[in-house]
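# Sequence below, structure please.
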Amino acid sequence: GKSITLSIVPVDAMGLIVYSPVSASITPYHYYGPQDVLTLKEGQDLVPISGNRCSKVTYNIHSKTNQRKHGYLQLAIPGNQLGLSALIYVYPCPIGFQLSNNGICECNHFITKVITNAECNISTLLITRPIGSWLGRINNSTLGFTNICPSGNCRSTTI
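The predicted structure is shown next:
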């Protein structure tokens with residue numbers, strides 16, 4: 001999944017700032033094929049917004065497939081036809097990560113199996129590993145690990 005933070009000020013049809021919830025939804029880019037591949041985190045489809053200033057709202061977008069997908073994030077005041085529509089892209093999990101059942105990139109099973117207490121951070125793309133070990137790409141799609149770091153390849157505790 002990926003987070004998008006937006007600064008939002010709800011306005012009515014006259015352009016006046018109002019206190020209102022903002023409804024959010026994701027619609028598919030194409031009208032054919034599965035319609036629910038990209039979803040919002042539960043409870044984020046209706047968010048109350050203060051009417052006197054800009055409010056920051058974070059939307060967590062999850063994917064049900066580990067493939068590049070795109071759709072529209074649509075925001076509006078309930079009952080209004082006008083709103084914001086933004087084209088969004090969600091990319092597959094990078095090497096070292098895998099898509100969980102709830103649509104979040106987490107540590108690959110290989111990493112959790114070979115590295116005790118491994119921690120993966122999808123926001124920073126860092127994977128912790130023991131000092132003196134090596135974790136990296138063997139080729140474009142294969143991850144390798146060894147407890148003995150190849151000469152000239154160890155610099156820190158993360159990749």
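
# in the chain, which spans are strands?
2-8, 20-28, 38-40, 46-49, 55-63, 69-76, 83-90, 97-99, 105-107, 120-121, 126-127, 134-137, 143-146 (DSSP state E).

# Format the CA atom coordinates belonging to the last one as PDB.
Translated: strand 143-146. What follows is strand 143-146, C-alpha atoms only, in PDB (Å, rounded to 0.1, in the frame of the first residue of the first chain):
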ATOM      1  CA  LEU A 143      17.600 -11.800  -3.700                       C
ATOM      2  CA  GLY A 144      20.700 -13.300  -2.100                       C
ATOM      3  CA  PHE A 145      22.000 -13.400   1.500                       C
ATOM      4  CA  THR A 146      25.100 -14.600   3.200                       C
END
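
# Run through who's touching it.
Residues outside strand 143-146 that contact it (Cβ atoms under 8 Å, 6 or more residues apart in numbering): 95-96, 108, 110-111, 114-115, 129, 133-138. For glycine as for every other residue, the C-beta is placed from the backbone atoms N, C-alpha and C.

# Please apply the same query to stretch 74-90.
Under Cβ under 8 Å, 6+ apart, the answer for stretch 74-90 is 1-2, 4, 6, 8, 10, 12-13, 18, 20-27, 29, 38, 46, 61, 63, 68-73.

# For that stretch, measure first residue to last.
15 Å (Cα to Cα, to the nearest Å).

# Need the mean per-residue confidence for it.
The average pLDDT within stretch 74-90 is 81.

# For stretch 82-98, list every residue counted as buried.
For stretch 82-98, the neighbour count (16 or more other Cβ atoms under 10 Å) marks Ile88, Val90, Cys93, Ile95, Gly96, Phe97, Gln98 as buried.

# So of these, which two are at opposite extremes in space?
Greatest spatial distance among the buried residues of stretch 82-98 (Cβ to Cβ): Ile88 and Gly96, at 23.5 Å.

# Output the below-cut-off pLDDT ranges for the chain.
In the predicted model, the chain carries pLDDT under 70 at residues 1, 30-36, 50-52, 154-159.

# residue nearest the centroid of it?
For the chain, the residue nearest the mean C-alpha position is Lys2 (1.1 Å; Cα atoms, centre = their mean).

# so that residue bridges to which residues?
Beta-bridge pairing of Lys2 under DSSP bridges involves Ile61.

# returning to what we had before: could the strands of the chain go into a markdown table alongside distance to Asn153?
A markdown table is the format used below for the strands of the chain (distance: least, Cβ to Cβ, whole Å):
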| stretch | distance to Asn153 |
| --- | --- |
| strand 2-8 | 30 |
| strand 20-28 | 41 |
| strand 38-40 | 37 |
| strand 46-49 | 46 |
| strand 55-63 | 33 |
| strand 69-76 | 35 |
| strand 83-90 | 32 |
| strand 97-99 | 21 |
| strand 105-107 | 21 |
| strand 120-121 | 20 |
| strand 126-127 | 15 |
| strand 134-137 | 5 |
| strand 143-146 | 10 |
